[in-house]
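Enquirer: structure here, sequence nowhere to be found:
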Ligand code: 13P
Ligand code: SF4
């Protein structure tokens, strides 16, 4: 069977079985082509709530599927590859977050969306990379706890000097593999290229670049820019997607080390099995987890617009 035939079969089956396929921006092109919606964490979470289908299939990592379940508890939510998780989401547990809150009475706990459903039950607001600055700026509190990504947290702090964020030592193992030396090396090779990176990158990287944004923010910037060359500091698949959508421009990876093996786990055959009912994992969360975690996600949507 060719890839095209496999894709046609998935498209037919998803309609017959009333499945909405959501694909994170880091998924491969063959999965993008069968998806109903492609986006960053924020876009996907909003789309999950709006989708009319009874089943949502998440091609991404576990916390994204959990977020869909929290927002649409009446729907069946499937994670296409049950082994795809985000290592950063495991850096702080529910109990550690609770301890942090108890040690800092009165300070709200703001969590990056890359966290478990159970942690979200004890946090006050969730943010994504594309909504974080907007949300924290709107919060009435001046001081807050921010978990787990200290690079994203530091980048927010630099843009909102009137706020005080207390950070922990967490971060994305994939984005933290890139350093200032990579930026200098790639700029020397491509002096006319714009450098676009994700806010999960180290501060020394962010300090040297032209644009910092979420995965869809980076893609939008590159697609709309008059520049002809771009060095991309986020998961390497974004370079391939951009090169595919803008063949007249040139895209380079900031570092070949920036590969998220968890995001790479899902294959088109996993998607086929999930829509057939012979694969994927149904996300099941206790009712109280859904109820309590929902509050901070609703707050994100309310403040994030
Ligand atoms: P986005 O919110 O930009 O999609 O990022 C999610 C993620 O996992 C980045 O590593
Ligand atoms: Fe998690 Fe980083 Fe992979 Fe994103 S790129 S899913 S933050 S490990």
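Expert: It's in. Computed from a predicted structure; not experimentally measured. Ligands and ions are numbered 1, 2, ... in the order given.
Enquirer: share the number of residues neighbouring residue 81, please.
Expert: Close neighbours of residue 81, defined as other C-beta atoms under 10 Å, add up to 24. (Each C-beta comes from the backbone N, C-alpha and C, glycine too.)
Enquirer: tell me how far it lies from residue 1.
Expert: Taking C-beta to C-beta, to the nearest Å as the measure, residue 81 falls 20 Å from residue 1.
Enquirer: residues contacting the residue lying closest to residue 71 once chain neighbours are set aside?
Expert: Nearest residue to residue 71, sequence neighbours excluded (C-beta to C-beta, 6 or more residues apart in numbering): residue 49, at 4.3 Å. Residues near residue 49 by C-beta atoms under 8 Å, 6 or more residues apart in numbering: 71, 72, 301.
Enquirer: part of a strand, is residue 49?
Expert: No: under the criterion used here (DSSP: H, G, I helix; E, B strand; the rest coil), residue 49 is helix, not part of a strand.
Enquirer: please tell me the pLDDT value assigned to it.
Expert: Residue 49 carries a pLDDT value of 82.
Enquirer: swap in the one 3 residues further on?
Expert: With respect to pLDDT, residue 52 has a value of 93.
Enquirer: now do the strands in the stretch 51-200 of the chain.
Expert: Per DSSP state E, counting those that start in this stretch, the stretch 51-200 of the chain carries strands over the ranges 55-59, 76-79, 109-112, 125-127, 143-147, 164-167, 194-197.
Enquirer: what strands flank the first one, and is each parallel or antiparallel?
Expert: If I follow you right, that is strand 55-59. If you go by DSSP bridges, strand 55-59 pairs up with strand 19-24 (parallel), strand 76-79 (parallel).
Enquirer: can you pull the buried residues of that strand?
Expert: 55, 56, 57, 58, 59 (16 or more other C-beta atoms under 10 Å).
Enquirer: tally of neighbours for residue 287?
Expert: 8.
Enquirer: right, I mislabeled it, should have said residue 11
Expert: Neighbours of residue 11 using other C-beta under 10 Å come to 15.
Enquirer: and what of the one 10 residues further on?
Expert: Taking other C-beta under 10 Å as the neighbour definition, residue 21 ends up with a count of 27.
Enquirer: so how far is residue 38 from it?
Expert: Per C-beta to C-beta, residue 21 is found 9 Å from residue 38.
Enquirer: end to end, how far does stretch 227-237 reach?
Expert: 20 Å (C-alpha to C-alpha, to the nearest Å).
Enquirer: and it, what's its mean pLDDT?
Expert: 98.
Enquirer: over to stretch 124-133?
Expert: pLDDT averaged over stretch 124-133 gives 94.
Enquirer: go on, stretch 246-265?
Expert: Here the average pLDDT along stretch 246-265 is 97.
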